[in-house]
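Q: attaching a predicted model along with its sequence, questions to come.
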There are 4 protein chains.
Amino acid sequence: MPVVSFKVVPIVGEKSVSKYVVEAVKVLKEEGLEPIVTPDTTVVSLESLEKVGVLLERIHERLKGMGVDRIVTIVMVDDRRDKPLRDPLEMVKKVEEGLQGS
Amino acid sequence: MPVVSFKVVPIVGEKSVSKYVVEAVKVLKEEGLEPIVTPDTTVVSLESLEKVGVLLERIHERLKGMGVDRIVTIVMVDDRRDKPLRDPLEMVKKVEEGLQGS
Amino acid sequence: MPVVSFKVVPIVGEKSVSKYVVEAVKVLKEEGLEPIVTPDTTVVSLESLEKVGVLLERIHERLKGMGVDRIVTIVMVDDRRDKPLRDPLEMVKKVEEGLQGS
Amino acid sequence: MPVVSFKVVPIVGEKSVSKYVVEAVKVLKEEGLEPIVTPDTTVVSLESLEKVGVLLERIHERLKGMGVDRIVTIVMVDDRRDKPLRDPLEMVKKVEEGLQGS
């Protein structure tokens, strides 16, 4: 199952874009997901890749409603087809354990 | 309308991954798109963002059928909500004209 | 100053790549940085963009030493030229405050 | 050796960003490189990864000089440590041959 991150970059004449990121995270929550906000992306665990398109459309439509006409979004998909729904925080824990074990 | 690029990175024990990229491009063609292959991504012009999820699912399913259990795909979306279907090659032309004009 | 994230994807015949991510994070620590590990990338605050090249070279050289001949790394740079060294965790806090304030 | 792409996204109050992309490509040319402009990124073949940091710094400094205070740049590195300087256009050719051969 895929773990997917979104980096939403609105092309706007303000240097602070956090209000737009806040709305993008809200959309993910409204879709019943549990987004993890990191300094560069927002990460969710999904049950299907098709959902990625639905989420993109809703996020961009929300920002359009805020007056943003051009949006660049980077989506990073990490898909393991041999595993059930994955917990993104487990992935962090595994790396932290590796760091301590050395 | 969005211009979207896909960078498909299969986690496999071969250094040459072009056969997987070829299959990903084939999936895009089968969906009626006109993919532009570049040295790092494959670019398409889409009529909707929802299509991104469908394409991701089909590409990953195709690679799964080739024995790939883990796939990392980077999707870059450049979405202009104020414009109709865009020609990605026009974007290149505009930059080339800018380079010559200087 | 730039906040920079690294997503290191080794092309290897193992589905679990966390041991390689652990080494990449170690390199960042050895360079005196304070990497923040997230489910999809590792984030650092840098004093200069030139450092990005040095870090890439050391990370890839480390993985080469582990037997990896092909590495795909995605680097996302968020650079504010009007601000001093930034705290990536402040960026997360700002989004979380925006979520609560709504 | 690495093949590296740059996607430069200036946070500015104009929807057309091609004039900034033109300047980024000019910087690459001034550095003696042969940039390949694609619809979503600009690709170069480099002799070392350290060069990535130098290029990022020069591109962002150039855009700062044009009045841009916040720049998001996505760098995608495809590094083969077992191969000499690579021709990005050969990578495209290989995929196109794979498509015709099927």
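A: Perfect, I can see it now. Computed from a prediction, not measured in an experiment: that's the story for all the values here.
Q: now the strands for chain A?
A: Applying DSSP state E to chain A gives strands spanning A:2-10, A:36-37, A:42-45, A:70-80.
Q: so what touches the longest helix seen in chain A?
A: Looking across chain A with DSSP state H, the single longest helix is helix A:50-65. Residues from elsewhere that reach helix A:50-65, judged by CB atoms under 8 Å, 6 or more residues apart in numbering or on different chains: A:2, A:4, A:6, A:8, A:10, A:20, A:23-24, A:26-28, A:30-31, A:44, A:46, A:71, A:73, A:75, A:77, B:48-57, B:75, B:77, B:79, B:81. Where you see a C-beta, it was placed from the backbone N, CA and C, and this is true even at glycine.
Q: check the residues you listed for burial and list the buried ones.
A: The neighbour count (16 or more other CB atoms under 10 Å in any protein chain shown) marks A:2, A:4, A:6, A:8, A:10, A:20, A:23-24, A:26-28, A:44, A:46, A:71, A:73, A:75, A:77, B:49-53, B:55-57, B:75, B:77, B:79, B:81 as buried among those.
Q: count the residues that sit near residue A:17.
A: For residue A:17, the count of nearby residues is 18 (other CB atoms under 10 Å in any protein chain shown).
Q: what sits closest to it if chain neighbours are left out?
A: residue A:10 (5.7 Å; CB to CB, 6 or more residues apart in numbering or on different chains).
Q: check residue A:78 too.
A: Spatial nearest neighbour of residue A:78, chain neighbours left out: residue A:3 (4.8 Å); criterion: CB to CB, 6+ apart.
Q: who's the one you found bridged to?
A: Beta bridges link residue A:3 to residue A:45, residue A:78, judged by DSSP bridges.
Q: which non-adjacent residue is nearest whatever residue of chain A ends up closest to chain D?
A: The minimum distance from chain A to chain D, using CB to the nearest CB, falls at residue A:13 (2.3 Å). Nearest non-adjacent residue to residue A:13, counting by CB to CB, 6+ apart: residue D:13, 2.3 Å away.
Q: give me the pLDDT for that neighbour.
A: The confidence metric pLDDT takes the value 90 at residue D:13.
Q: what sits against it?
A: Per CB under 8 Å, 6+ apart, neighbours of residue D:13: A:12, A:13, A:14.
Q: wait, which of those residues is closest to residue C:66?
A: Relative to residue C:66, the closest of the contacts of residue D:13 is residue A:12; by CB to CB it sits at 42.5 Å.
Q: what about that closest one, neighbour count?
A: Look at residue A:12: counted by other CB under 10 Å, it has 22 neighbours.
Q: same thing with residue A:85?
A: Neighbours around residue A:85, by other CB under 10 Å: 10.
Q: now residue A:48: closest residue in space that isn't a chain neighbour?
A: In this structure, residue A:48 finds its nearest non-sequential neighbour in residue B:57, 6.8 Å apart by CB to CB, 6+ apart.
Q: revised request: answer the last question for residue A:31.
A: Using CB to CB, 6+ apart and skipping residues adjacent in sequence, the residue nearest residue A:31 is residue A:55, 6.4 Å away.
Q: repeat for residue A:79
A: Nearest one to residue A:79, counting by CB to CB, 6+ apart, is residue A:2 at 4.2 Å.
Q: what's the pLDDT at the one you found?
A: The per-residue pLDDT reported for residue A:2 equals 95.
Q: which strand residues bridge residue A:73?
A: Applying DSSP bridges, one finds that residue A:73 bridges with residue A:8, residue B:77.
Q: wait, isn't it in contact with residue A:5?
A: No: assessed by CB atoms under 8 Å, residue A:73 is found out of contact with residue A:5, at 10.4 Å.
Q: near chain B, which residues of chain A?
A: Within chain A, the positions near chain B by CB under 8 Å from any CB of the partner chain are A:48-57, A:60, A:64, A:68-82.
Q: kindly recompute the last result at 6 Å.
A: Selection of chain A residues close to chain B by CB under 6 Å from any CB of the partner chain yields A:49-50, A:52-54, A:56-57, A:60, A:64, A:69-82.
Q: burial count for residue A:60?
A: A count of nearby residues for residue A:60, using other CB under 10 Å, gives 23.
Q: to clarify, my last question referred to residue A:39.
A: Neighbour count of residue A:39, defined by other CB under 10 Å: 24.
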